[in-house]
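1. only the shape, not the letters, is given here:
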């Protein structure tokens, strides 16, 4: 770990915060606050959890006005990734599975759009569908405004991690589901991602393999069979599900690797192009910084090679 004098650490922290503040952002919903957030009792809070200013670890809770932060490359290749970070459906982590990704992906020309999304148990009108509503609207917004960032509207994917992986997998399997009332012309756009990248994703609501915290937030303690099916993406895959790349650590103690296996098997059963990478080590939430020195560190390159191979 890098240790800096206190004065230098404070200066670096201020510079880091200033750099984040300077990044372009856009609201997912017109006017900022999501229509379904009207009666939610939660209040926005952003917390810096890291004591090392060289490794920021911001977490957001109480999200009512989801937004997208744009990480644009110097030389766009026309491909965009809507990023849905994880956080156990309790928060959204902005750096480990968000800003950290910018350097390797921007270097290869990918434009990253890291979004925040509302939590399923925060009292929004859409209930458990609130994260999906935000993701649908975000992808439609990127497609409608693709020209602003020199991206091809037919090359917009979603990349999600952990609970954010559930958001991404829900989007790829339920992109046509009407989970919110249209608000403007943007909602005429398709919400179907052109491809999907899932990192150690929460997938199944089957109690035997589910991430129990995410399961409780989505379907409660005693869900019905219909709820379990509706919120288990592996049970909603069909022939129109987009091509999907999946990676997971076998030693993950939080989200069992079985989640990725059941999604992979469902995709194969429907002949959806898919690629699965299982790493022996990595635990949970490794992103980029947690994979250093491990074979799992290769995943960004593997993912980009796979994206480039799609036709």
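-> Yep, it's here. Computed from a predicted model, the values in this text were never measured in an experiment. Numbering: from 1, shown residues only.
2. helix or strand for residue 248, which one?
-> strand 244-249 (DSSP states H and E).
3. each with direction, which strands does that strand pair with?
-> For strand 244-249, the pairing partners within the sheet under DSSP bridges are strand 196-199 (parallel), strand 274-279 (parallel).
4. gap between it and the chain center?
-> How far strand 244-249 lies from its chain's middle: 13 Å, per C-alpha atoms, centre = their mean, to the nearest Å.
5. any chance you could list what contacts the very next helix or strand once past it?
-> Sequence order places helix 258-269 as the next helix or strand after strand 244-249, per DSSP H and E. Residues from elsewhere that reach helix 258-269, judged by C-beta atoms under 8 Å, 6 or more residues apart in numbering: 169, 198, 200-204, 206, 209-211, 233-235, 237, 241, 244, 246-248, 274, 276, 278. From N, CA and C alone the C-beta is placed, and that goes for glycine too.
6. can you pull up the bridge partners for the residue nearest the centre of the chain?
-> Central residue check for the chain by C-alpha atoms, centre = their mean: the C-alpha nearest the mean position is that of residue 84, 1.6 Å away. When bridges are assigned using DSSP bridges, the partners listed for residue 84 are residue 160.
7. that one against residue 169, yeah?
-> No: taking C-beta atoms under 8 Å as the contact criterion, residue 84 and residue 169 are not neighbours in contact, 9.8 Å apart.
8. all strands of the stretch 51-200 of the chain, in order?
-> Listed in chain order, the strands of the stretch 51-200 of the chain (DSSP state E, counting those that start in this stretch) span residues 58-61, 67-71, 80-84, 92-93, 111-115, 156-161, 196-199.
9. of all the ones you listed, which lies closest to residue 102?
-> strand 67-71 (3.9 Å; C-beta to C-beta).
10. just to revisit the earlier point, okay, the strands paired with strand 244-249, which one's buried deepest?
-> The highest average neighbour count among the strands paired with strand 244-249, using mean count of other C-beta atoms under 10 Å, belongs to strand 196-199 at a mean of 29.
11. coming back round to it: for the strands paired with strand 244-249, give me JSON lines that also has distance to residue 153 and mean pLDDT.
-> Formatted as JSON lines, the entries for the strands paired with strand 244-249 read as follows, by distance: least, C-beta to C-beta, whole Å; pLDDT from 0 to 100:
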{"stretch": "strand 196-199", "distance to residue 153": "17", "mean pLDDT": "99"}
{"stretch": "strand 274-279", "distance to residue 153": "23", "mean pLDDT": "98"}
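12. of those strands, which is nearest residue 133?
-> Judged by C-beta to C-beta, the one of the strands paired with strand 244-249 that comes nearest to residue 133 is strand 196-199, at 18.0 Å.
13. contact partners of the closest one?
-> By C-beta under 8 Å, 6+ apart, the list of residues contacting strand 196-199 from outside reads 81, 97, 157-162, 165, 168-169, 171-172, 242-248, 260, 263, 287, 299, 303, 307.
14. first to last residue in stretch 284-300, what's the distance?
-> Distance between the boundary residues of stretch 284-300 (C-alpha to C-alpha, to the nearest Å) amounts to 16 Å.
15. what segments of the protein are helices?
-> Per DSSP state H, the chain carries helices over the ranges 6-22, 102-107, 130-144, 163-174, 212-219, 225-230, 258-269, 299-309.
16. packed most tightly, which of the ones you listed would that be?
-> Between the helices of the chain, the one whose residues have the most neighbours on average, counting mean count of other C-beta under 10 Å, is helix 163-174 (a mean of 29).
17. show me what that helix is packed against.
-> For helix 163-174, the helices and strands in contact under the criterion 3 or more C-beta pairs under 8 Å, 6 or more residues apart in numbering; DSSP states H and E are strand 80-84, helix 130-144, strand 156-161, strand 196-199, helix 212-219.
18. the last one - what's its average pLDDT?
-> Average pLDDT, helix 212-219: 97.
19. which strands or helices does it pack on?
-> Packed against helix 212-219, as judged by 3+ C-beta pairs under 8 Å, 6+ apart, are the following elements: helix 163-174.
20. how far does the helix it packs on sit from the chain's center?
-> Per C-alpha atoms, centre = their mean, the displacement of helix 163-174 from the mean C-alpha position of its chain is 8 Å.
21. just stretch 193-206 next, same as before
-> Distance, stretch centre to chain centre, for stretch 193-206: 9 Å (C-alpha atoms, centre = their mean).
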